[in-house]
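J.: the following block contains a protein sequence and its predicted model.
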Amino acid sequence: MKYLIKARFEVDGKVDKHDIIGAVFGQTEGLLGSEFDLEDLQEKDKIGRVQVEFKHVGNKTMGVLQVPSNLDRVETAIVAAMLETVDRVGPYSARLIVEEIKDLRAEKIKVIVERAKEILKKIREGEPDIKEVIRQVEAETGRVPRLIEYGPERLPAGPDVESSDTLIIVEGRADVVNLLKYGYTNVVALEGAKEQAPETIRRLAQTKKVILFVDGDRGGELIASNIIGNVKVDYVARAPRGREVEQLTGREIAKALSEMVTAEEFMKSLKPEEAKPPAQVTMPEAGVTPPAVEEPKPQVEEAQPPPQAEAVAVETVTVAIPRNVVADIEKLKGTLEAVMYDSSWNEISRVKVKDLFASLQSLEPGKAFAIVFDGIVTQRLLEAAAEKGVSILVGARLGGKLSFKPPSVRVLTFNDLT
C-alpha cells in the first residue's frame, strides 16, 4: 500500500467495531459513484482492510480508524474527505476527523536509508589498512626492514644499502624510516651533509645506479644541486611541491620515483643562479683550529625603535627589538597565535598559527617587517616570509629540517629574547 489514512472518531453511544465499519461502508456507498465505492475498491485491491481501535468512555465510544490505500495521492485524499461525511453509527450521532495521511513509501525509504548507513559503516570498518597489510606481509616473510647505521659515519640506512645495485640517497633519518616502512631497503641518508656528501656515500655511488630523493622545497633543490657536484648521481626524484619525503605515503613515494629525471635534466630545470656550482671553501691546515664565530645576541632597546634602516641590520651583528614587543612574547606563549608588525613595530594583524602560511601568501610584499608567532619555524614558512620581504621571523622554536636560511630573513626563537 502507498498511503495510510488515519482518522479519529467519537460516537455518542456504546457501539462495537462492526457497527463502526458498517456505518463507514453504508454511508459512503454511492456518494461519489461506483468509482469510489469502498467495497469495489477493496475487491480491486485499491483499498485495504479497514482497521478500528476503540474504547468506551462513559456512554461514548472513541477510537481511531485506519484505511490503507493503493490509490494515487489525489484519489486517496478524496477517499479521506469522503470518510468525514460519516455522521451516525447506528442510532447515535458520530463525528469522524481525518488526522493524517501517511506516505508509507516515505517511511520505507527512511528505514532503507538507516539500514544502508549501518551496512556502509560495516563495509568501511572492514577496509584494509595498507600499512597494516605491509606489516603483516613483512612479519610473515620474516623480512621486517630495520634501520641500520652504515659506515664509519654511522649513517642511517636500510639493510640492503650495500647489496642492492641501486642506491637511493635521502636527506635525513626520518626519510629513511619512512621509505623502509614501504619496503625500500636500499636507502641511505646524508644526515646533515648538505654540501659535501660523506665519503661512505661517495664510495657506494661509484658502482651503483644512484637516485637522489629530496624534499619538494627550495632547500631540497639546493641540496640536490650541491650533492650532484661531488657525487655520482644518475637520477633525481623530488617530493610533491611543499612536501617532505618523510611525510609521503607509499603511493606518493612510488609516483615521485616514477617521475624522476636525470641529473643533467634536473640541473637544466633550475634557474641560472640556482644551478651555479657551490662556492669553494678553504679548509684550515691540519692541526690549526679556525677562530670561533660567535652568534650575536639580539639587542633589546629601552626606548621606541629608530627608523627601519637603523633598527635592524639583518646581515650584520645586531637586531634591535623594542621592549614592549619582547614583553608581548610572554603573553603570546600558549596562544598558538601570530602577530605581524610593520617597520615601526606597529601591529598589522593577528592570526592563528595554522593560518599563518595562507595569510603570508595573500600578503602584499613588503607590508610585514617582522612576524612573532607561537609556533615552529619551518622551511616552508621561512621561504614564504622571504618571498614577502619579511626581515625578522621569531618563533617558539626552530624546525628540525631547516636546510636553507634566506640571508634576507633573521630567524630567532623565544629563548633568544626572553
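T.: Alright, I've got the coordinates.

J.: burial count for the nearest residue to Gly220 once chain neighbours are set aside?
T.: Excluding the flanking residues, the one nearest Gly220 by C-beta to C-beta, 6 or more residues apart in numbering is Val214, at 3.5 Å. Every C-beta, even on glycine, is put in place using the N, C-alpha and C of the backbone. Counted with other C-beta atoms under 10 Å, residues neighbouring Val214 total 27.

J.: who's Val214 bridged to?
T.: Arg238 (DSSP bridges).

J.: that one against Ser225, yeah?
T.: No. The pair Val214 and Ser225 does not pass the contact test of C-beta atoms under 8 Å, sitting 9.8 Å apart.

J.: and the pLDDT for the residue nearest to Gly220?
T.: pLDDT, the model's per-residue confidence, is 92 for Val214.

J.: who's in contact with it?
T.: Taking C-beta atoms under 8 Å, 6 or more residues apart in numbering as the criterion, Val214 is in contact with 170-171, 220-221, 223-224, 236-239, 245.

J.: any idea how far it is from Asp175?
T.: Look at Val214 and Asp175: by C-beta to C-beta, to the nearest Å, they are 9 Å apart.

J.: same check on Lys209?
T.: As judged by C-beta to C-beta, Lys209 and Asp175 stand 19 Å apart.

J.: higher neighbour count, the two?
T.: Neighbours per residue, other C-beta under 10 Å: of Lys209 and Asp175, the larger number sits with Asp175, 28 against 15.

J.: packing partners of the helix or strand containing that one?
T.: Remark: Asp175 resides in helix 173-181, with elements defined by DSSP states H and E. Contact analysis of helix 173-181 by 3 or more C-beta pairs under 8 Å, 6 or more residues apart in numbering; DSSP states H and E lists strand 155-157, strand 166-170, strand 187-189, helix 250-258 as its packing neighbours.

J.: how far off centre is it?
T.: Taking C-alpha atoms, centre = their mean, to the nearest Å, one finds the center of helix 173-181 at 22 Å from the center of the full chain.

J.: do the same with stretch 18-38
T.: Going by C-alpha atoms, centre = their mean, where stretch 18-38 is centred and where its chain is centred differ by 64 Å.

J.: can you give me the end-to-end span of that stretch?
T.: 15 Å (C-alpha to C-alpha, to the nearest Å).

J.: mean confidence (pLDDT) on that stretch, please.
T.: Averaging pLDDT residue by residue across stretch 18-38 gives 89.

J.: contacts for that stretch?
T.: Under the contact criterion C-beta under 8 Å, 6+ apart, stretch 18-38 has outside partners 9, 11, 39-40, 47, 50, 52, 54, 61, 63, 65, 75, 78-79, 82-83, 85-90, 94.

J.: swap in 7 Å and give it another go.
T.: Where contact means C-beta atoms under 7 Å, 6 or more residues apart in numbering, the residues beyond stretch 18-38 that reach it are 9, 39-40, 47, 50, 52, 54, 65, 78-79, 82-83, 85-86, 88-90, 94.

J.: for stretch 332-343, same thing?
T.: By C-beta under 7 Å, 6+ apart, stretch 332-343 touches 308, 347-353, 356, 368-375, 414.

J.: just to revisit the earlier point, relative to Ala205, which of the helices and strands packed on helix 173-181 is closest?
T.: Across those, the minimum distance to Ala205, taken as C-beta to C-beta, is reached by strand 166-170, at 6.2 Å.

J.: who does the helix or strand harbouring Glu149 pair with, and is each partner parallel or antiparallel?
T.: Assignment of secondary structure by DSSP H and E places Glu149 within strand 148-150. With DSSP bridges as the criterion, the sheet partners recorded for strand 148-150 are strand 155-157 (antiparallel).

J.: quick one: the strands in the stretch 301-418 of the chain?
T.: Read by DSSP state E, counting those that start in this stretch, the stretch 301-418 of the chain holds these strands, from start to end of the chain: 320-322, 337-341, 347-352, 370-377, 392-398, 410-413.

J.: going by mean pLDDT, which of those strands comes out lowest?
T.: Set side by side, those give their lowest mean pLDDT on strand 320-322, at a mean of 81.

J.: picking that back up, what subset of the contacts of stretch 332-343 is buried?
T.: When burial is judged by neighbour count using 16 or more other C-beta atoms under 10 Å, the buried members of these are 351, 353, 356, 368-375, 414.
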